[in-house]
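**Q** Got a predicted structure plus its sequence, pasted below:
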Protein chains: 2
Amino acid sequence: MYSRSARRSLLSSGLGLNTWLVPRLGQRFLARRRRGAAGQPLLYNEHVFEFTRTAQQGRARTGVFRTSHGDLLTPVFAPVGTLATVKTLTPAQVDELGATLVLANSYHLYLRPGDDVVSELGGLHRFMRWPRPLLTDSGGFQVFSLSQTRKIDDDGVTFQSHIDGSTHRFTPQRAIRIQENLGADIIMAFDECSDPNDHAYSRIAMERTHRWAEICVRAKRRADQALFGIVQGGVNPDLRAESARFIASLDTPGIAIGGLSVGETKAEMHAMLDVVTPLLPEDKPRYLMGVGTPEDLIDGVRRGVDIFDCVLPTRLARHNAAFSSEGRLNLMNASFARDERPLDQDCDCYTCRTFTRAYLRHLVVAKELLAGTLLSIHNLRALIRLVDEMRGCIIDGTFESKVDGWLDQWQGNAERSNKEIVNGE
Amino acid sequence: MYSRSARRSLLSSGLGLNTWLVPRLGQRFLARRRRGAAGQPLLYNEHVFEFTRTAQQGRARTGVFRTSHGDLLTPVFAPVGTLATVKTLTPAQVDELGATLVLANSYHLYLRPGDDVVSELGGLHRFMRWPRPLLTDSGGFQVFSLSQTRKIDDDGVTFQSHIDGSTHRFTPQRAIRIQENLGADIIMAFDECSDPNDHAYSRIAMERTHRWAEICVRAKRRADQALFGIVQGGVNPDLRAESARFIASLDTPGIAIGGLSVGETKAEMHAMLDVVTPLLPEDKPRYLMGVGTPEDLIDGVRRGVDIFDCVLPTRLARHNAAFSSEGRLNLMNASFARDERPLDQDCDCYTCRTFTRAYLRHLVVAKELLAGTLLSIHNLRALIRLVDEMRGCIIDGTFESKVDGWLDQWQGNAERSNKEIVNGE
């Protein structure tokens, strides 16, 4: 016999295995697709991927991005579910965070369980039971980070699996096919992310990224997926401007900014955003890939970014660390042994509503897996709450007056890092 | 901004940090305690620990055991939360399983975070945020399983911590004091669990267990805790009968049966239950410690057992195995790669309502921690559901007619094992 709360949860979950309805828009839209030449817009379904700006203050803006799995209110922070799972959390828990968009990694899912298997099983939404919008990267970032075991040419990259060393090849066409098999709402062009400090190589990588973006636009078949081109160009303002103009000319339904938060300074990242976002069309969402910390989200939103994702909240959680307005907390610290306060007095997450720091420290010291779950809930909710708060303040016109306070509050909570991206998150 | 379901969950959780109310019955009852001599009943509060039988069929019975944290409907299966956490699950998820009683381990909590710390933080219910009844063992089973590093004498046991090798000593008095610090509703006398195949030693261990039970009864101070004496005697029917009579004479509010499911055969366990339960008072709940598999629960209930606990469901989950009516499933098995069925068609747990075997296999192969969570939910719910079903059938008089079907359905789902109990579960 189920308890009353269990019955309520059962009734309200909407994630039931037998009642699952995948919008099979892909099938319907495939019949309507028209292959566009490079630079010529594809026919997207007019009701899908519409981006409506709802408010603006300075360069910060709010909007609604329509997808076939529901509307995204922007700015939005996407938890990362590398292997079709936001690590340690059930989809019900991810939903309770207020998350609306989840990111998954094509490289990882191509290797395990295989994009063909995911396709057979009805696509990624159905496979992982996430009914809201999904975004997949192209696999490019992961493949290029396999610096010892990959060989690049003008048509693609040959690389060895980090799991078993087997040899594989990604091309722009292949990256699109994999993402069509996975079936996320937002998919990415195959790009080359170069070392930001190697200026000479940045042009080569950018030009290759542009050629590949054109190939991806032509290769794309499913009209229920929004393909985003990716702006590259390292930390060179001229290249970034050239790349922004070129990618904008492809008229994809959204534009990603790649190659940032990969080793450059914060000042360099800000400078690149200051070059790029003013050159992008106002009526397309902008996605800053792999960013970031609380400060990075604030700095990104004020510079006109709409979509963010980062592994940091869940990775920090697995390393016993929590965001808080007191700065980053390391739960191994003995000072928490009898601390009856929640992680963050102002946080409304399940962890902060329920548990003391003393209990969380006990779980961490005892290496109990629940620690990772509870800290992931808190860290993800902290970023989602911050972005929600920024959205509200853009709408009510108080955004600019709050920025310094937010930056002060969240300062020093976390270094940026996208290292070790291949092995898990 | 929280989603609608998140808000609903927030409102309904009842586990809020700030609104937490621990029934401080202990304080009130301490004033009324009266120290009883050996064999003389303690004064328990008349409203607490009342056991009311509600139905009986053969020796199988249903009842209501009142505790200061709510009523337990028996028979009941208790998930094990060794270190004040049912491994990988939040209390909200444990609640959703329909669990009413959770077990925690005195030995482990004494070492980490320390029973004094738990006491300072308001006791175990408040510490781990479990608002329903809790049971603690005395630590005896864990200490005696440290066979290389413990030394027993008539007054207690000196042993070395499995964590850092430091030396500690448990006596019956100490075991009670630790359990009073933890504050569970049901606590256990300090007993010696001997090798079931060492018949000569069984009498020595049993007699020591009896002396220690008397000491525990005298040492106990909190009237809001129900102390259970423990029947020992190995696999010797004479000793078991003698032990059942002796422990029953102490008139504790419930009686535990220890030293089973520790290496003897199933036939031996059944024979011992057949000796013991008929000698126990009908109006006290009987707790079969550390048992068991689905079959063991069926065999136990039909022999008059009311309370069970076992690490098996969560331990199997961490080893990628699931109970099912098809027999135990090993989710690593490649045959599940494209299997769109739930783990068990008849199961109503979150995992079975939501995910395919193919997805669960993917999580297992990718070593994603969510696998342990989802399999724990399923395995625990399977046992709780089985016990609930048995309770219903005892009440409607169909229990005996269903036993063979249940045994057939659950046959071969799991070996029994209580090994490796010290290191985690």
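**A** Nice, thanks for sending it over. Here the structure is a predicted model, which means the values were calculated and not measured.

**Q** Tell me, how many residues neighbour A:Asp274?
**A** By the criterion of other CB atoms under 10 Å in any protein chain shown, A:Asp274 has 14 neighbours. All C-beta spots, glycine's among them, are computed from the backbone N, C-alpha and C.

**Q** What distance do you get for it to A:Ile257?
**A** From A:Asp274 over to A:Ile257 the distance is 12 Å, taken as CB to CB, to the nearest Å.

**Q** How about A:Ile307?
**A** 10 Å.

**Q** doesn't A:Leu316 make contact with A:Leu329?
**A** No - using CB atoms under 8 Å, A:Leu329 makes no contact with A:Leu316, being 9.9 Å away.

**Q** So for these two, which residues contact both of them?
**A** A:322-323 (CB atoms under 8 Å, 6 or more residues apart in numbering or on different chains).

**Q** picking that back up, A:Ile307 and A:Ile257: who's more crowded?
**A** Neighbours per residue (other CB under 10 Å) separate A:Ile307 from A:Ile257, with A:Ile257 holding more: 31 against 27.

**Q** Tell me the pLDDT of the more buried one.
**A** A:Ile257 carries a pLDDT value of 98.

**Q** who's it bridged to?
**A** A:Val231, A:Leu288 (DSSP bridges).

**Q** That one against A:Val305, yeah?
**A** Yes - counting by CB under 8 Å, A:Ile257 sits close enough to A:Val305 to count as a contact (7.4 Å).

**Q** Give the residues shared as contacts by the two.
**A** With CB under 8 Å, 6+ apart, A:Ile257 and A:Val305 have common neighbours A:273, A:277, A:286-288.

**Q** What is the nearest of these to A:Ser335?
**A** Relative to A:Ser335, the closest of the shared contacts of A:Ile257 and A:Val305 is A:Leu288; by CB to CB it sits at 35.5 Å.

**Q** Now do the contacts for that closest one.
**A** Residues in contact with A:Leu288 (CB under 8 Å, 6+ apart) are A:256-257, A:260-261, A:273, A:300, A:305, A:307-308.

**Q** quick one: the strands in the stretch 201-350 of chain A?
**A** A:226-231, A:254-257, A:286-288, A:307-309, A:321-322, A:329-330 (DSSP state E, counting those that start in this stretch).

**Q** In a markdown table: those, plus distance to A:Arg240.
**A** Converted to a markdown table, the strands of the stretch 201-350 of chain A look like this (distance: least, CB to CB, whole Å):
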| stretch | distance to A:Arg240 |
| --- | --- |
| strand A:226-231 | 7 |
| strand A:254-257 | 9 |
| strand A:286-288 | 13 |
| strand A:307-309 | 18 |
| strand A:321-322 | 32 |
| strand A:329-330 | 36 |
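
**Q** Leaving aside the residues adjacent along the chain, what's closest to A:Leu146?
**A** Setting aside the residues directly before and after it, A:Leu146 is nearest to A:Phe159 in space (CB to CB, 6 or more residues apart in numbering or on different chains), at 5.2 Å.

**Q** so that neighbour sits in a strand?
**A** Yes - judged by DSSP: H, G, I helix; E, B strand; the rest coil, A:Phe159 forms part of a strand.

**Q** who's it bridged to?
**A** A:Arg150, A:His168.

**Q** Based on its surroundings, how many neighbours for it?
**A** Neighbours around A:Phe159, by other CB under 10 Å: 24.

**Q** Then A:Ser324?
**A** 23.

**Q** and the gap between it and A:Thr351?
**A** Taking CB to CB, one finds A:Ser324 at 11 Å from A:Thr351.

**Q** Report the next helix or strand after the worst-scoring helix or strand of chain A on mean pLDDT in sequence order.
**A** Using mean pLDDT, DSSP states H and E, the weakest-scoring helix or strand in chain A turns out to be helix A:25-30, at a mean of 36. Next along the chain after helix A:25-30, taking DSSP states H and E as the criterion, comes strand A:51-57.

**Q** Now for A:Ile307 and A:Ile257: what residues contact both?
**A** A:286-288.

**Q** As a markdown table, these with pLDDT would be great.
**A** Supplementary listing: the shared contacts of A:Ile307 and A:Ile257 in a markdown table, determined by pLDDT from 0 to 100:
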| residue | pLDDT |
| --- | --- |
| A:Arg286 | 98 |
| A:Tyr287 | 98 |
| A:Leu288 | 98 |
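
**Q** I'd like those residues laid out as a markdown table, including distance to A:Asp137.
**A** Shown next, in a markdown table, are those (distance: CB to CB, whole Å):
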| residue | distance to A:Asp137 |
| --- | --- |
| A:Arg286 | 16 |
| A:Tyr287 | 10 |
| A:Leu288 | 13 |
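
**Q** Look up how far chain B lies from the residue positioned nearest the centre of chain A.
**A** Per CA atoms, centre = their mean, the C-alpha nearest to the average position across chain A is that of A:Asp309, at 3.0 Å. Between A:Asp309 and chain B the computed distance is 18 Å (CB to the nearest CB, to the nearest Å).

**Q** got the contact list for that residue?
**A** A:77-80, A:101, A:103, A:135, A:287, A:289-291.

**Q** What subset of these is buried?
**A** Buried subset of the contacts of A:Asp309 (neighbour count, 16 or more other CB atoms under 10 Å in any protein chain shown): A:77-80, A:101, A:103, A:135, A:287, A:289-291.

**Q** got any ranges where chain A has weak pLDDT?
**A** Along chain A, the model assigns pLDDT under 70 to residues A:1-47, A:412, A:414-425.

**Q** Name the residues that touch stretch A:239-249?
**A** Contacts of stretch A:239-249 (CB under 8 Å, 6+ apart): A:39, A:202-203, A:206, A:209-210, A:213, A:229-234, A:255, A:272, A:275-276, A:279-281, A:284.

**Q** Using neighbour counts, pick out the buried residues of that stretch.
**A** So, applying 16+ other CB under 10 Å, buried residues of stretch A:239-249: A:239-244, A:246-248.

**Q** Contact partners for the closest residue to A:Lys151 other than its chain neighbours?
**A** Nearest non-adjacent residue to A:Lys151, counting by CB to CB, 6+ apart: A:Thr158, 4.9 Å away. Contacts here follow CB under 8 Å, 6+ apart; on that basis A:Thr158 touches A:150-151, A:167-169.

**Q** Make CSV out of those and add neighbour count.
**A** Output for the contacts of A:Thr158, formatted as CSV (neighbours: other CB atoms under 10 Å in any protein chain shown):
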residue, neighbour count
A:Arg150, 17
A:Lys151, 11
A:Thr167, 10
A:His168, 16
A:Arg169, 14
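
**Q** just curious, which of these is nearest to A:Gly183?
**A** Of the contacts of A:Thr158, the one sitting nearest to A:Gly183 (CB to CB) turns out to be A:His168, at 20.7 Å.
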